[in-house]
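>>> just to be clear, the model below is a prediction. Sequence and coordinates:
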Amino acid sequence: GKDFASIDAIAQGRVWTGQQALERGLVDKLGNLDVAIRDAAQEAHLGKDVHVRYAEKPMGAFERFLTNVGDSTEARVAMSWGVRLPSWVAMLPKLAPEFALFRTAQAGKPNVYAYCFCSPR
């Protein structure tokens, strides 16, 4: 029920925890993904028996390999067979530490990930 200007005056592009956002009136209530889906379905008058289908492409073998490249068994096995990986592959964990977020990703099992690309000053 707030207008853009009042929200903008509080938010100012900052990242708040859920509790902080609630205290500042930026969100109505706290909850997880299931609560958000339930509330959205209720708001859309879809009833209580709403089926949610997650349309996400399953990670392929190479994508899984890249997310685990720093300490993956696959990388060690490939190198033991004489496969030489491009030098940039070995640098991925240092260049993109956010890949670690996807280590536990499984096809068909949605997860919620959050990563801030900003750097504190």
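All right, it came through fine.

>>> which phi and psi does Ala11 have?
Reported as degrees, to the nearest 10, the phi and psi values for Ala11 are phi -70, psi -50.

>>> burial of it, as a residue count?
Ala11: 13 surrounding residues under other C-beta atoms under 10 Å. Using the backbone N, CA and C atoms, a C-beta is placed for each residue, glycine as well.

>>> near the residue lying closest to it once chain neighbours are set aside, how many other residues are there?
Sequence neighbours aside, Leu26 is the residue nearest to Ala11 in space, at 6.1 Å (criterion: C-beta to C-beta, 6 or more residues apart in numbering). Neighbour count of Leu26, defined by other C-beta under 10 Å: 15.

>>> quick one: Leu26 from Thr17, how far?
11 Å (C-beta to C-beta, to the nearest Å).

>>> same check, this time on Ala36
Using C-beta to C-beta, Ala36 is found at 16 Å from Thr17.

>>> cool, Gly82 as well?
49 Å.

>>> more neighbours: which of those two?
For Gly82 versus Thr17, the count of surrounding residues by other C-beta under 10 Å is larger for Thr17: 9 against 6.

>>> okay, Arg24: pLDDT?
Note for Arg24: predicted pLDDT of 90.

>>> just give the nearest non-adjacent residue to it, would you?
In space, Arg24 is closest to Ile10, 5.1 Å off (C-beta to C-beta, 6+ apart).

>>> wait, that neighbour sits on Leu26?
Yes. In this structure, Ile10 is within contact of Leu26 by C-beta atoms under 8 Å, at 6.2 Å.

>>> and the helices in this protein?
Along the chain, the segments classed as helices by DSSP state H run 4-11, 18-23, 33-43, 61-67, 73-80, 87-95.

>>> show the end-to-end separation of stretch 2-20, please.
17 Å (C-alpha to C-alpha, to the nearest Å).
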